[in-house]
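Peer 1: here's my sequence, what's the structure:
(one chain, ligands or ions: 1)
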Amino acid sequence: MSSSTAPIITSEVPAPFDPWSIRSRFPVLTREVRPGVPLVYLDNAATSLKPWSVIRAVQSYDTEFTANVHRGLHTLSEEATAAYEEARTSVARYIHARDESEIIFTRGTTESINLVALSFGRTRLQPGDEIVLTALEHHANLVPWLMLARERGVVLRYAELHPDGTLDLDSLDRQIGSRTRLVAFSGMSNVLGTLLPIAEIVARAQAVGAATLLDAAQLVAHGPLDVAALGVDFAAFSGHKMFGPTGIGILYGRRERLEAMPPVLGGGDMVLEVHRDRAEWNELPYKFEAGTPPIAQAIGLGAAVQFLAELDWDAITAHQQQLVASAQARLASISGVRLFSAPAYQNGGVVSFTVDGVHPHDLAQILDRRGVAIRAGQHCAMPLHETLGIPASARASFCLYNCQSEVESLAQAVEYACSVFHRSDSRSPNAARKSPADG
Ligand SMILES: Cc1ncc(COP(=O)(O)O)c(C=O)c1O
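Peer 2: Residues are numbered from 1 along each chain as shown. Here you go, the predicted structure:
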């Protein structure tokens, strides 16, 4: 190849991401849990922390232009409406929706999925129709379908996992068939961290004409989401897991799908005309937003999306994988620890584990003494825990602001917990309290 046609060789290894470059933007990270005990926040899969930009966006609504949206003709209401709709535009751009009409504000992932079940599910699915899920779903993407199955006689089928926690695509192929009407799946497991092969799943669903719903609750905090490229019909996610406020979430839906769906809640704002005997629904997205929406929270979510859009995701992905790999290696080196976590290169940032003879609740409480915040229980994924054959697990979940020293704090705290329990074990064989599994 001549030098004039030689490609410019660039390194594929992204410049390392330094979490300390952004930690100061998150005020909670500076606090101590108790005097002298700094916080090590490893519960990001439950709720992530907020940067100042999100806090200030919510604060400015509360202190400068508190008003209802879409209804007033005064300055404050116009400003509130503009900020609320700007947030919708930011979300639409960030996830590559065609336009704002495809973005519905809800209270969170759970409400978004329920909306699809109650509207699309109730009107489009017949008894005997099938919905395909995976073995790793959160209850939010499971219970609405169980309710629909009970109500309408639809059948739920489950694609299984490989032993390493990744999705078994052959099993998925066996579940998808001519009766499949919907494939609803999580993009990232909140227990195993598994990143699912979204494009492959969507292609299989589309091959039989089934709709797709992506539960992106965990995914959105770990990289950009492109609903157009992925070709999903619906996507659901929550503000509080992507550095935004609680009480706000998104249902993305392809316009053709949403237009064909009836509203679920009736009330103000979702109607164009109301008479004693009839009403005409408003256009998208308002048809699905009855009543006063969570305005401050939507504005905060808009700020969170702007924060996410500015980040270098190649570098952050490498950083998060490094955290997962070192947490897995470090925890695996501790006697009695069993890991339940997908391989680091297919893991969005979650490391679940058990410690022989120690209930995860006890473990979490002892870790808290060291300032290490983790989750313990079944993480709203009981069927997955049944599949794994464990009553509960402890879960450390990482995100972009976590650093290597926090992995070490986690490991040392687990070692400390083991020493506490082994000491009490040696005093009395029953001294280690075993609490019941949570429901
Ligand atoms: C994968 C997944 N889906 C759905 C949800 C439900 O989210 P929310 O409680 O914000 O509605 C969660 C929450 O942990 C989750 O991890």
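Peer 1: who touches stretch 163-177?
Peer 2: Residues from elsewhere that reach stretch 163-177 (CB atoms under 8 Å, 6 or more residues apart in numbering): 130, 132, 134, 136, 157-162, 183, 189, 192-194, 196-197, 200-201, 204-205, 207-208, 210, 340-343, 346. Using the backbone N, CA and C atoms, a C-beta is placed for each residue, glycine as well.
Peer 1: rerun at 7 Å
Peer 2: With contacts defined as CB atoms under 7 Å, 6 or more residues apart in numbering, stretch 163-177 is touched by 132, 134, 157-162, 183, 192, 194, 196-197, 200-201, 204-205, 208, 341-343, 346.
Peer 1: check stretch 34-45 too.
Peer 2: 29, 31-33, 49, 190, 218, 221, 350, 370-375, 395-399, 402, 406, 409-410.
Peer 1: ok, now stretch 407-416?
Peer 2: The contact list for stretch 407-416 (CB under 7 Å, 6+ apart) reads 40, 42, 323, 326-327, 330-331, 334, 337, 355, 366-367, 370, 372, 396.
Peer 1: centre of the chain to that stretch, how far?
Peer 2: 26 Å (CA atoms, centre = their mean, to the nearest Å).
Peer 1: what of stretch 110-120?
Peer 2: Relative to its chain's centre, stretch 110-120 lies at 16 Å (CA atoms, centre = their mean).
Peer 1: for it, which outside residues touch it?
Peer 2: Contact with stretch 110-120 is made by 106, 140-141, 144-145, 147-148, 213, 215, 234, 236, 249-251, 257, 261-262, 264, 288, as judged by CB under 7 Å, 6+ apart.
Peer 1: next: stretch 385-404.
Peer 2: By CB under 7 Å, 6+ apart, stretch 385-404 touches 19-20, 22-23, 26, 29, 42-45, 48, 135, 191, 221, 316, 319-320, 323-324, 326-327, 340, 349-354, 360, 363-364, 374-379, 410, 437-438.
Peer 1: out of the residues you listed, which are inside strands?
Peer 2: Under the assignment DSSP state E, the contacts of stretch 385-404 contribute F340, V350, V351, S352, F353, T354, R375, A376, G377 to strands.
Peer 1: returning to that earlier point: go back to the contacts of stretch 34-45 and keep what's next to the ligand.
Peer 2: Counting by CB under 6 Å from any ligand atom, N190, Q218 from the contacts of stretch 34-45 sit close to the ligand.
Peer 1: quick one: buried ones out of the contacts of stretch 34-45?
Peer 2: Neighbour-count burial (16 or more other CB atoms under 10 Å) applied to these gives 29, 33, 49, 190, 218, 221, 350, 370-375, 395-399, 402, 406, 409-410.
Peer 1: which residues of the stretch 201-350 of the chain lie near the ligand?
Peer 2: D215, A217, Q218, S238.
Peer 1: ok, what's across the strand from R34?
Peer 2: V37 (DSSP bridges).
Peer 1: distance of it from the ligand?
Peer 2: 27 Å (CB to the nearest ligand atom, to the nearest Å).
Peer 1: please apply the same query to I113.
Peer 2: Distance from I113 to the ligand, by CB to the nearest ligand atom: 7 Å.
Peer 1: the helix or strand hosting that residue: how far from the chain's middle?
Peer 2: Element membership for I113, per DSSP states H and E: helix 109-116. How far helix 109-116 lies from its chain's middle: 13 Å, per CA atoms, centre = their mean.
Peer 1: repeat for stretch 199-211
Peer 2: 22 Å.
Peer 1: what sits against E289?
Peer 2: Contacts of E289 by CB under 7 Å, 6+ apart are I104, F105, D269, M270.
Peer 1: for the closest residue to I22 other than its chain neighbours, which three-state class applies?
Peer 2: Among residues not flanking I22 along the chain, Y401 sits closest, at 5.9 Å (CB to CB, 6 or more residues apart in numbering). Assigned with DSSP: H, G, I helix; E, B strand; the rest coil, Y401 falls in the coil class.
Peer 1: so for Y401, what's the pLDDT?
Peer 2: You'll see Y401 listed with a pLDDT of 98.
Peer 1: can you give the domain ranges for this protein?
Peer 2: 20-45+312-427, 53-309 (automatic domain parsing).
Peer 1: avg pLDDT for the last one?
Peer 2: Spelled out, that is domain 53-309. In the prediction, domain 53-309 has an average pLDDT of 98.
Peer 1: any idea of the pLDDT on the residue in the stretch 251-400 of the chain positioned nearest to the ligand?
Peer 2: The ligand sits closest to C380 of the stretch 251-400 of the chain, with a gap of 6.0 Å, by CB to the nearest ligand atom. Among the per-residue scores, C380 holds a pLDDT of 98.
Peer 1: grab the nearest non-local neighbour of it.
Peer 2: Excluding the flanking residues, the one nearest C380 by CB to CB, 6+ apart is H139, at 4.3 Å.
Peer 1: ok, now P127?
Peer 2: Nearest non-adjacent residue to P127, counting by CB to CB, 6+ apart: G153, 3.3 Å away.
Peer 1: what of W313?
Peer 2: Leaving out its chain neighbours, the residue that sits closest to W313 by CB to CB, 6+ apart is G223, at 5.0 Å.
Peer 1: you'd agree that neighbour is up against T317?
Peer 2: Yes: contact criterion CB atoms under 7 Å: G223 and T317 qualify, at 6.1 Å.
Peer 1: residues in contact with the residue of the stretch 251-400 of the chain closest to the ligand?
Peer 2: So C380 contacts H138, H139, A140 (CB under 7 Å, 6+ apart).
Peer 1: nice, that's everything, thank you.
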